[in-house]
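K.L.:
Just need the structure, nothing else, for what follows:
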Amino acid sequence: MKMNMMKKVLVLGLALGLSACSTKNELGTDASSVLNGAGSIAKPGTVAEFTQIVGDSILFDTNQTGVNESGKLLLQKQYAWLRKYNVTKIQIEGHADERGTRQYNIALGGKRAQSVKNYFASLGYDKAAISTLSYGKERPISLCDNISCWSQNRRAVTAVVGR
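P.N.:
Numbering: from 1, shown residues only. Below you'll find the model as predicted:
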C-alpha cells in the first residue's frame, strides 16, 4: 500500500515539474504558444505567429530570381509584422529545387535571397540588419520527382534572428 502511494506521489511530482519547464528560445518566444490540434492559435508577436499566420516563405518560378507579385504582397505583410514587433534582425534563406547542379542551385538560392533582401530594403528595412544564406537544393521541404514538389522547394524563407 505504501509503495503504491509512493508511485502516485512520484508521478504527480514529475508531472508538475515538467509542466513548470520553460520552452523559451533565445528570442524569448515561447514554443508552447502554439496549440497543437484543430484549433491552432499562435500568440501575437511570436515567431509562431509570423510563420503560421503571416507566412515566412515566398515561392519562385523555375530558374527565376525576381520576386513576383504574390511574393511582393507576402513580403509587405512580413515587413508590417516585423516593424510592428520591432524585429531588428532577419535572415533570408534561399532555396532551389533538386534539378541542376549543386553549384548552380547554391548560386540560384543566393540570388533569390538577395532579391528578397533588396525588396525589404526598398520597403524601408535596414539592409544591414538582413543577412542572406543559400541552401540551394540541400534542404527541400517536399520530396518527390515532379513539379508539385519542385515548385514548393523554389523558395525564400524569412527567419527572425533578433529583436
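
K.L.:
can we go C-alpha only for contacts and neighbour counts from here?
P.N.:
Noted.

K.L.:
so where do the helices sit in the protein?
P.N.:
Along the chain, counting by DSSP state H, helices occupy 2-19, 47-49, 69-84, 102-123, 147-153.

K.L.:
which other helices and strands contact the longest one?
P.N.:
Looking back up the chat, that one is helix 102-123. helix 69-84, strand 89-95, strand 130-136, strand 155-162 (3 or more CA pairs under 8 Å, 6 or more residues apart in numbering; DSSP states H and E).

K.L.:
what's the second one in contact with?
P.N.:
Defining contact as CA atoms under 8 Å, 6 or more residues apart in numbering, one finds that strand 89-95 is touched by 105-106, 108-114, 116-117, 129-140, 153-163.

K.L.:
Output it as CSV - backbone C-alpha positions only.
P.N.:
The C-alpha coordinates for strand 89-95 follow below in CSV (Å, rounded to 0.1, in the frame of the first residue of the first chain):
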residue,chain,number,x,y,z
LYS,A,89,17.5,41.4,-37.4
ILE,A,90,16.3,38.8,-40.0
GLN,A,91,17.9,36.2,-42.2
ILE,A,92,16.7,35.3,-45.7
GLU,A,93,17.3,31.7,-46.7
GLY,A,94,17.3,31.0,-50.5
HIS,A,95,16.4,27.5,-51.7
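
K.L.:
Next, the angle helix 102-123 makes with that strand.
P.N.:
Here strand 89-95 points in a direction 140 degrees away from that of helix 102-123 (axes from the mean of the first three to the mean of the last three CA atoms, to 10 degrees).

K.L.:
what pairs with strand 89-95, and is each one parallel or antiparallel?
P.N.:
strand 130-136 (parallel), strand 155-162 (antiparallel) (DSSP bridges).
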